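I'll drop the sequence and a predicted model, then ask my questions.
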Amino acid sequence: MAEKEFKKRILCIGAGYVGGPTMAMIAQKCPQYEITIVDINAARIDAWQTDDLPIYEPGLLEVVKLVRGKNLFFSTDIDSNIKKADIIFVSVNTPTKTYGEGEGKAADLQFWEKTARSIMNASESDKIIIEKSTLPVRTAYAMERILNVNTKGIHFDILSNPEFLAEGSAIKDLENPDRVLIGSRETASGIKARNEVVDIYANWIPRNKILTSNLWSAELSKLVANAFLAQRISSINSISALCEKTEANISEVSNAIGTDSRIGNKFLNASVGFGGSCFKKDILNLVYICESYGLHEVARYWESVVKINSYQEKRFVKNMITLMFNTVSGKNVALFGFAFKANTGDTRESPAIYVARHLINEHAKLTITDPKAIGNAKEELKPYLKEDISSVQFTENPYEAAKDAHAIAILTEWNEYRDLDYKKIFELMEKPAFIFDGRDILDHEKLFKIGFNVSAIGKPLMKHF
Ligand code: UDX
Ligand code: ADP
């Protein structure tokens, strides 16, 4: 039968942002393996089998089309696929807990634990289990205890292989990662399992980029990588506040410090704040872990990264209101962008959510435009839409959004916002017209000459009155 043709059977539990693209890439690079992705969400599994994939990622559909039905399969039959698999990647969601002990900080491991129990119950042979989801350090220890108490004489090796891909560049990141990290127990069995996973990635990634480590280092490194990235943004954002007081210019400061090769020039763009499903969640998780070990000073240090981020969001809206003569009540405000960053429709933890809610509470009338995120924006603002349907409108056309607006706030760094006809936009707007550039992507001099009052993150204020 066709089943015998494959060298190995790989299963991925969880068909989300991480599992879907990662398995599609492995399938493309390793035609010798059969790869199946399962999920409890049948609608998601159905969508993966159409050309309207459940997530938007540039280049993803092309990869999926190459391998779907050949060596990449989708299914809701979790148990029989567990039974067949040699290697199981687990990439279920691990959101922040919204109840009980650790509420608002700790990772909610219920999905992960349910998966572990399904694996234990359905398995009939030894397997390698790989944590792909981001998890608190030492989660693998709990998994080992759950899985290896089975009475069937089956042995499970638990590995950690965190995923570092970013949304919007997932395919590029998977094809050419800075590194792949695989952690295991440093026992003979653990190292053998780790080498099997190294062999998968070695099909397309140079060996010197495949790092191996102990289990705990791999788990912790994922949280720390995200914490360091977020820390850079909070650091530059904190300095943007100082720039606005001193006529220093944050882009010039970023450039000046970023050219020091010890500092490096990436992730130094000041903004209205970082968003996305990972940074805040992972830092709070790190904070919770530190606290649980009694490392309170360390916890406070990392917590401050999140605090500066919400300070930046608040500062941005407060500045808008102050400049618009201390009231936005009844005024039309156009929000350009709602996604947490460009090239994605994802709005999770987007700074636009805070900005929109705050402006609505101040009785502003919002028109939100975004090339990909309007559907999600409607979901995020659902409670507000019910209260007063007329206070928020949506359009894909930025010119329409700007019509009769008193102000525009740039909240996502979409490329298309750089090249709009701002002269035309100015003419469409109420006067005095304001632009608040929360991403520092526009030509501020040019806008000022057109007649706008321009307030950009970390830049000297330009106003005509
Ligand atoms: C992040 C990590 O980059 C990735 O390695 C990890 O696997 C998941 O979390 P992602 O959330 O997709 O990826 O987005 P990222 O590109 O890191 O951006 C996060 C947020 O920071 C966005 O809101 C972005 O706009 C903001 N950002 C980024 C800045 O404000 N300034 C910068 O200089 C860079
Ligand atoms: P990530 O960004 O980490 O990939 P997502 O939320 O996009 O997270 O995807 C996680 C997926 O895991 C979801 O599609 C969810 O339905 C799925 N999932 C959660 N629990 C289970 C489970 N016990 N078995 C199978 N799939 C699960």
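Great, that's in hand. Ligands and ions are numbered 1, 2, ... in the order given.

Confirm residue 144 sits in a strand?
No - read with DSSP: H, G, I helix; E, B strand; the rest coil, residue 144 is helix and lies in no strand.

who's in contact with it?
Contacts for residue 144 (C-beta atoms under 8 Å, 6 or more residues apart in numbering) come out as 156, 158. Placement of C-beta: from N, CA and C, glycine included.

how close does it sit to residue 405?
57 Å (C-beta to C-beta, to the nearest Å).

Could you do residue 29 as well?
48 Å.

Among these two, which residue is more densely surrounded?
More crowded of residue 29 and residue 405, by other C-beta atoms under 10 Å: residue 405, with 22 against 18.

Could you report the neighbour count for residue 326?
Around residue 326 there are 8 residues (other C-beta under 10 Å).

can you list the residues of the stretch 151-300 of the chain near ligand 1?
163-167, 226, 229, 233, 267-269, 271, 274-276, 278-279 (C-beta under 6 Å from any ligand atom).

And the buried ones among these, selectable in ChimeraX?
ChimeraX command restricting those to the buried ones, with burial defined by 16 or more other C-beta atoms under 10 Å:
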select :163,164,165,167,226,229,233,267,268,269,271,274,275,276,278,279
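
Any chance you could give me stretch 441-456 in PDB, C-alpha atoms only?
Taking C-alpha atoms only, stretch 441-456 is exported to PDB below (Å, rounded to 0.1, in the frame of the first residue of the first chain):
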ATOM      1  CA  ILE A 441       6.200  55.900   8.200                       C
ATOM      2  CA  LEU A 442       5.100  59.100   6.500                       C
ATOM      3  CA  ASP A 443       7.000  62.100   5.100                       C
ATOM      4  CA  HIS A 444       6.300  64.600   7.900                       C
ATOM      5  CA  GLU A 445       7.800  67.600   6.200                       C
ATOM      6  CA  LYS A 446       5.700  67.100   3.100                       C
ATOM      7  CA  LEU A 447       2.600  66.600   5.200                       C
ATOM      8  CA  PHE A 448       3.300  69.800   7.200                       C
ATOM      9  CA  LYS A 449       3.700  71.700   3.900                       C
ATOM     10  CA  ILE A 450       0.400  70.400   2.600                       C
ATOM     11  CA  GLY A 451      -1.200  72.000   5.700                       C
ATOM     12  CA  PHE A 452      -1.500  69.100   8.200                       C
ATOM     13  CA  ASN A 453      -0.500  69.400  11.900                       C
ATOM     14  CA  VAL A 454       1.800  66.500  12.300                       C
ATOM     15  CA  SER A 455       2.500  64.600  15.500                       C
ATOM     16  CA  ALA A 456       4.700  61.600  15.100                       C
END
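
For it, the averaged confidence score.
For stretch 441-456, mean pLDDT is 98.

Just list the residues touching residue 183, thanks.
Contacts of residue 183 by C-beta under 8 Å, 6+ apart are 159, 160, 161, 194, 212, 213, 214, 215, 216, 217, 218, 219.

If we use 10 Å, what do you get?
130-131, 140, 158-162, 190, 194, 197, 211-222 (C-beta atoms under 10 Å, 6 or more residues apart in numbering).

cool, residue 224 as well?
137, 217, 231, 282, 283, 286, 302.

same thing with residue 68?
So residue 68 contacts 24, 27, 48, 49, 51, 61, 74 (C-beta under 10 Å, 6+ apart).

cool, residue 364 as well?
With C-beta under 10 Å, 6+ apart, residue 364 has these contacts: 317, 320-321, 324, 327-333, 335, 356, 358, 391-392, 406-407.

I'd like to know how many residues surround the nearest residue to it once chain neighbours are set aside.
Distances taken as C-beta to C-beta, 6 or more residues apart in numbering put residue 328 closest to residue 364, at 4.0 Å, once the chain neighbours are dropped. Residues lying near residue 328 (other C-beta under 10 Å) number 23.

Tell me the secondary structure at residue 328.
Following three-state DSSP, residue 328 is assigned to coil.

Ramachandran coordinates for the residue in the stretch 101-250 of the chain positioned nearest to ligand 2?
Per C-beta to the nearest ligand atom, residue 111 is where the stretch 101-250 of the chain lies closest to ligand 2, at 3.7 Å. Torsion angles at residue 111 (phi, psi; degrees, to the nearest 10) stand at phi -70, psi -40.

what does residue 395 give?
Dihedral angles (degrees, to the nearest 10) for residue 395: phi -150, psi 150.

quick revisit: what about the contacts of residue 183, which are in helices?
Judged by DSSP state H, the contacts of residue 183 include 140, 190, 194, 197, 215, 216, 217, 218, 219, 220, 221, 222 as members of helices.

Make a markdown table from those residues and add neighbour count to it.
As requested, the ones in helices among the contacts of residue 183 are exported to a markdown table (neighbours: other C-beta atoms under 10 Å):
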| residue | neighbour count |
| --- | --- |
| 140 | 24 |
| 190 | 18 |
| 194 | 25 |
| 197 | 23 |
| 215 | 24 |
| 216 | 16 |
| 217 | 15 |
| 218 | 23 |
| 219 | 24 |
| 220 | 21 |
| 221 | 19 |
| 222 | 24 |
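
what would those residues look like in TSV with pLDDT?
Shown next, in TSV, are those (pLDDT from 0 to 100):
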residue	pLDDT
140	88
190	97
194	98
197	98
215	96
216	95
217	96
218	96
219	94
220	95
221	96
222	95
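
Looking at the contacts of residue 224, which is nearest ligand 1?
Of all those, ligand 1 sits closest to residue 282, with 7.6 Å by C-beta to the nearest ligand atom.

Is that closest one in contact with residue 222, as I believe?
Yes - the criterion here is C-beta atoms under 10 Å, and residue 282 meets it with residue 222 at 7.5 Å.

Tell me the residues that contact both of those two, please.
When contacts are counted by C-beta under 10 Å, 6+ apart, residue 282 and residue 222 are jointly contacted by residue 134.

Next, count neighbours for residue 396.
Neighbours of residue 396 (other C-beta under 10 Å): 11.

Neighbours of the residue in the stretch 201-350 of the chain positioned nearest to ligand 2, how many?
Nearest residue of the stretch 201-350 of the chain to ligand 2: residue 277, at 5.8 Å (C-beta to the nearest ligand atom). Burial of residue 277 is recorded as 19 neighbouring residues (other C-beta under 10 Å).

Use 31 as the first number from now on
Taking 31 as the first residue, the last one we looked at is residue 307.

I'd say it and residue 163 touch.
No - using C-beta under 10 Å, residue 307 is not in contact with residue 163; the gap is 11.6 Å.

Now do the shared contacts for the two.
Common neighbours of residue 307 and residue 163 (C-beta under 10 Å, 6+ apart) are 46, 123.
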